[in-house]
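> Return a 3D structure for these sequence lines:
(chains A and B)
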Amino acid sequence: MSLSRETMLELMALADGELEGTAKERVERLAAENEEARRVVESMRGPALRAWLGAALSARAPASDGIADAVMAKLGRAAGPARHAAARARAGRRDRWLGPRFGSRVAVVSALAVAAGVALFVVTDRMAHVAPGAMGPAASLAPGVGKPEVASPALGVEVEEVDSASHVSIFEIPAMANASAPSSVVVWIDDDSEEK
Amino acid sequence: MKRRALLGVLAGGVVGSIVGVEAWAAGPREPRVEVSVIHATKTPGSASVDPQLRDLPQLTRQEPFVRYNVFRLLDRQTLTFDKGKTASCALVDGRTLQVTLVDGSDNKGKKDERYHLRAEIAGVTKKEFLKLLEVTAGADEPFFVGGQSYKTGTLFLELVIRA
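Here you go, the predicted model:
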């Protein structure tokens, strides 16, 4: 296809009968002298070929120029009745949407919005409060002062360091059968002071 | 009437959405530490556990709780923290518990976030009962500090991080 975009548009305009005067004469002369231009004008009278031409133009300059849009707009004008039918169909769909059940549809959408909001709130709140269900291993005892000599549970409470002048024992309490009670630790400090 | 109902539903939707989005945007709240002061005694023939101590009945068969049979909640406080600051609470035996949430929790912002907590128990006179205790725990995982003598029994301090 060696014709320029402007020439193509003029040929299409000629095919659509939109040209008058000298412009019409000039393009008619071009179509008479140029074989490709003549075929374009002839092909414009067939809808399928118009569609092909639109696609070809679109492929030739995908996003750089507005040829495809221009062609399709022209095709749309040419296919007036079909376009009007589509518009009527759209209007019908809109009328059905805005019809007597419009209120209930809005209510459903609003209810979904409420549910989404509440769900978001609950999930966020739960994320802030959820308790890890990790359960620790069996209890062990590590009396003394300083870093406990016990193997810390993989999850659950881990005692990193204890420092006291008194005797210290650490009791690890394994998870109960009831999963709501996680494993725990008791740091026991013998109260040998006089403060009672 | 129908229009009013519709407006009501729409307003509910808007409010619900706003609440959800705000909760989402606010993110996790600052953690708090709940401190329960439990008095444990050995009273033959009268075992009881304060109903406010929901998890304790399952622990009473474990050392060192098994040494006692009466457990009573004396006090419960919730300590709130400014970042890196220490919160303290007075205990019934005159001592003071100081708790610090150390920066740098693991899995921050996740549901299994774990917190580093530092605790000290200072006496009114003389030496400190507990100079330092460092613990790593998740939210709602209780741990106990026991052994303080009090009124023919002992005190258990239950500490729970609430996220």
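> So for stretch A:162-171, mean pLDDT?
Averaging pLDDT along stretch A:162-171 gives 86.
> List the buried residues of it.
Buried positions in stretch A:162-171, judged by neighbour count with 16 or more other Cβ atoms under 10 Å in any protein chain shown: A:Val162, A:Ser164, A:Ser166, A:Val168, A:Ser169, A:Ile170, A:Phe171. Placement of C-beta: from N, CA and C, glycine included.
> The residue nearest to B:Arg118 when sequence neighbours are not counted bridge partners, please.
In space, and not counting its chain neighbours, B:Arg118 is closest to B:Thr100: 4.4 Å by Cβ to Cβ, 6 or more residues apart in numbering or on different chains. Per DSSP bridges, the residues bridged to B:Thr100 are B:Thr86, B:Arg118.
> check contacts around B:Thr100.
If a contact means Cβ atoms under 8 Å, 6 or more residues apart in numbering or on different chains, then B:Thr100 has B:Phe81, B:Gly84, B:Lys85, B:Thr86, B:Ala87, B:Leu117, B:Arg118, B:Ala119 as its contacts.
> neighbours around the last one, how many?
So that's B:Ala119. Under the neighbour criterion other Cβ atoms under 10 Å in any protein chain shown, B:Ala119 is assigned a count of 22.
> Could you measure from it over to B:Asp75?
Relative to B:Asp75, B:Ala119 is positioned 16 Å away (Cβ to Cβ, to the nearest Å).
> next one: the third one
Distance, B:Lys85 to B:Asp75, by Cβ to Cβ: 22 Å.
> now do the fourth one
Plainly put, B:Thr86 is 19 Å away from B:Asp75 if you go by Cβ to Cβ.
> Likewise for the first one?
Taking Cβ to Cβ as the measure, B:Phe81 falls 19 Å from B:Asp75.
> Ok, the fifth one next?
Between B:Ala87 and B:Asp75 the distance is 15 Å, computed by Cβ to Cβ.
> Those two: which has the busier surroundings?
Shown here are B:Ala87 and B:Asp75; by other Cβ under 10 Å, B:Ala87 has more neighbours (18 against 15).
> which one is A:Asp190 nearest to, not counting chain neighbours?
Closest to A:Asp190 by Cβ to Cβ, 6+ apart is A:His167, at 4.3 Å.
> now swap in B:Leu157 and tell me
B:Val145 (4.5 Å).
> related to what we said a few turns ago, can you sort out which of the buried residues of stretch A:162-171 also neighbour chain B?
With the criterion set as Cβ under 8 Å from any Cβ of the partner chain, the members of these near chain B are A:Val162, A:Ser164, A:Ser166, A:Ser169, A:Phe171.
> Next, format the residues you listed as JSON lines and append distance to B:Thr154 and secondary structure.
Below are those laid out as JSON lines (distance: Cβ to Cβ, whole Å; DSSP: H, G, I helix; E, B strand; the rest coil):
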{"residue": "A:Val162", "distance to B:Thr154": "18", "secondary structure": "strand"}
{"residue": "A:Ser164", "distance to B:Thr154": "15", "secondary structure": "coil"}
{"residue": "A:Ser166", "distance to B:Thr154": "13", "secondary structure": "coil"}
{"residue": "A:Ser169", "distance to B:Thr154": "13", "secondary structure": "strand"}
{"residue": "A:Phe171", "distance to B:Thr154": "13", "secondary structure": "strand"}
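> Next, give phi and psi for the closest residue to B:Leu101 other than its chain neighbours.
Nearest in space to B:Leu101, with sequence neighbours left out and distances taken as Cβ to Cβ, 6+ apart, is B:Phe81 at 5.2 Å. Dihedral pair for B:Phe81: phi -130, psi 140, per degrees, to the nearest 10.
> show me the contacts for B:Phe81.
When contacts are counted by Cβ under 8 Å, 6+ apart, B:Phe81 touches B:Glu30, B:Pro31, B:Arg32, B:Val33, B:Ala87, B:Thr100, B:Leu101.
> Surely the second one touches B:Ala139?
Okay, so that is B:Pro31. Yes: between B:Pro31 and B:Ala139 a contact is recorded at 6.9 Å, counting by Cβ atoms under 8 Å.
> Overlap of the contact sets of these two?
B:Tyr115, B:Ile161, B:Arg162, B:Ala163.
> I'd like to know how far the first one sits from A:Ser184.
Looking back up the chat, that one is B:Tyr115. For B:Tyr115, the distance to A:Ser184 - Cβ to Cβ - is 15 Å.
> and what of A:Gly156?
Using Cβ to Cβ, A:Gly156 is found at 7 Å from A:Ser184.
> isn't the residue nearest to A:Asp190 right up against A:Val187?
No: A:His167 sits out of contact with A:Val187 when judged by Cβ under 8 Å, with a separation of 11.6 Å.
> Please give me every residue in contact with the spatially most central residue of chain B.
For chain B, B:Glu34 is the residue whose C-alpha lies nearest the centre (Cα atoms, centre = their mean; 2.2 Å). Residues near B:Glu34 by Cβ under 8 Å, 6+ apart: B:Arg76, B:Gln77, B:Thr78, B:Leu79, B:Glu158, B:Leu159, B:Val160, B:Ile161, B:Arg162.
> With B:Phe156 instead?
B:Phe156 touches A:Val186, B:Val37, B:Ile38, B:Ala40, B:Phe65, B:Phe71, B:Phe144, B:Val145, B:Gly146, counting by Cβ under 8 Å, 6+ apart.
> tell me the contacts of the closest residue to the fourth one other than its chain neighbours?
With sequence-adjacent residues excluded and distances taken as Cβ to Cβ, 6+ apart, B:Ala40 is closest to B:Tyr68, at 3.8 Å. The contact partners of B:Tyr68, by Cβ under 8 Å, 6+ apart, come to B:Ala40, B:Thr41, B:Lys42, B:Thr60, B:Gly153, B:Thr154.
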